[in-house]
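Asker: give me a model of this one.
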Amino acid sequence: MKLRADTFLAQGYSHYICEDYILHGVRPEGPFVVLADGCSSAKNTDVGARLICYAAARYLQDVRDLPPSVHRNDMVRKIMSRAMMSAEIVGIDMSCLHATLLIMHTNGDNLYVNGWGDGHMIVTSVDGTSKHFSVSFPREMPWYPLYHVTPALNSHYMDITADDKVLLSPDLRNKMMDSFEDEYCQEGLREYVSLQPRTTPITYPFGVASVTIASDGLGSFLNVDDKPAGPMDPKGIAAELLAFKSTNGDFLKRRAGKTIKRYKTNSGDRYDHYDDLSIGTIVVEPD
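Answerer: All right, here's what the predicted structure looks like:
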């Protein structure tokens, strides 16, 4: 069995600079993918997203035999503490670290996904079918991992979002309800959960064909020919972006680049993503 990883990053047409960042690497146990999506209303989050990604990558490379039971709070505290130190060294205000964080890695037996904030996850089975999971927050105000290490910011966020609930896609809601203990579900309201983050990762065995994570830019494809059409279905976009013919080299970069170029140049019916887009996948190939 072989595990192959690749990533793709593109700036949204409404942004002057790309505030997403994504990278992938390899640990002794297998590949990993790290994604950060910077908040557009905060300054220098393009830099902050990079600092968070590299801090997370360093954490994954430093921690050997990362157990699946590792407490997510401990993981994110160590990652964000390193990112905060880096921001202080280069003289950038800590507000640059207002960014979501998605991490996917393996311990040699399973694939694990941890997330703080919004985004997408696509799981493809060996029979070619896939499930698309998404998490979004009211008023486009995600709970950022920065709040784990800054009590004042966390308290302020909890005050202004006291009545908010994060909306999960049905697939992800069922996954969390049926496959894991759900310590924070609102009783009798299965569609929503509170903003309190999980303490355990979402886990997939190597029986799947691939697991993919993406920023919320996946749901931002709009018609740019002034046609009265709504946004493109992110499920359909993901299916096309992940339909690579081989997994050699920069397989996701090639496929995603060609697909988005076609969307942009389809005469009379062009689509483009207004938000930055980052997407990373780990493919499980049998021997």
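
Asker: surely residue 49 meets residue 38?
Answerer: Yes: look at residue 49 against residue 38 with Cβ atoms under 8 Å: they come within range, at 4.2 Å. For every residue, glycine as well, the C-beta is placed using N, CA and C.

Asker: give the residues shared as contacts by those two.
Answerer: Taking Cβ atoms under 8 Å, 6 or more residues apart in numbering as the contact criterion, the common neighbours of residue 49 and residue 38 are 19-21, 99.

Asker: where does the stretch 1-150 of the chain have low pLDDT?
Answerer: Where the stretch 1-150 of the chain drops to pLDDT under 70, the residues are 65-71.

Asker: can you tell me the helix or strand for residue 264?
Answerer: Per DSSP states H and E, residue 264 falls inside helix 251-265.

Asker: in that helix, what counts as buried?
Answerer: 251-256, 259-260, 263 (16 or more other Cβ atoms under 10 Å).

Asker: out of these, which comes closest to residue 283?
Answerer: Set against residue 283, the nearest of the buried residues of helix 251-265 by Cβ to Cβ is residue 251 (8.0 Å).

Asker: distance from the helix or strand encompassing residue 158 to the middle of the chain?
Answerer: Secondary structure from DSSP H and E places residue 158 in helix 151-160. Centre-to-centre, helix 151-160 and its host chain are 23 Å apart (Cα atoms, centre = their mean, to the nearest Å).

Asker: who touches that helix?
Answerer: Contacts with helix 151-160, where a contact means Cβ under 8 Å, 6+ apart, come from 141, 143, 146-148, 195.

Asker: for it, buried residues please.
Answerer: Taking 16+ other Cβ under 10 Å as the neighbour-count basis, helix 151-160 is seen to contain the buried residues 153, 157.

Asker: check stretch 46-65 too.
Answerer: Taking 16+ other Cβ under 10 Å as the neighbour-count basis, stretch 46-65 is seen to contain the buried residues 46-60.

Asker: and residue 266, how many neighbours?
Answerer: Using other Cβ atoms under 10 Å, the number of residues around residue 266 comes to 11.

Asker: got the CA coordinates for the helix holding residue 158 in PDB?
Answerer: These are the backbone C-alpha positions of helix 151-160, laid out as PDB (Å, rounded to 0.1, in the frame of the first residue of the first chain):
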ATOM      1  CA  PRO A 151      -8.300  33.800  26.700                       C
ATOM      2  CA  ALA A 152      -9.400  37.400  26.200                       C
ATOM      3  CA  LEU A 153     -10.100  36.800  22.500                       C
ATOM      4  CA  ASN A 154     -11.900  33.600  23.300                       C
ATOM      5  CA  SER A 155     -14.100  35.200  25.900                       C
ATOM      6  CA  HIS A 156     -15.000  38.100  23.500                       C
ATOM      7  CA  TYR A 157     -15.800  35.600  20.800                       C
ATOM      8  CA  MET A 158     -18.000  33.500  23.100                       C
ATOM      9  CA  ASP A 159     -19.800  36.700  24.200                       C
ATOM     10  CA  ILE A 160     -20.700  37.900  20.800                       C
END
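
Asker: can you give me the mean pLDDT across that helix?
Answerer: Confidence for helix 151-160, expressed as mean pLDDT, is 80.

Asker: check stretch 250-264 too.
Answerer: Stretch 250-264 shows an average pLDDT of 95 in the prediction.

Asker: any residues touching that stretch, and which ones?
Answerer: Applying Cβ under 8 Å, 6+ apart, the contact partners of stretch 250-264 are 4, 6-8, 10, 221, 224, 232, 237, 240-245, 270-273, 277, 279-281, 283.

Asker: chain center to it, what's the gap?
Answerer: In terms of Cα atoms, centre = their mean, the centre of stretch 250-264 is found 19 Å from the chain centre.

Asker: same question, stretch 146-162
Answerer: Averaging C-alpha positions (Cα atoms, centre = their mean) puts stretch 146-162 21 Å from its chain's average.

Asker: OK, contacts around residue 110?
Answerer: If a contact means Cβ under 8 Å, 6+ apart, then residue 110 has 68, 203-206 as its contacts.

Asker: beta-bridge partners for it, please?
Answerer: As for beta bridges, residue 110 partners with residue 205 under DSSP bridges.

Asker: same question, residue 10
Answerer: Per DSSP bridges, the residues bridged to residue 10 are residue 277.
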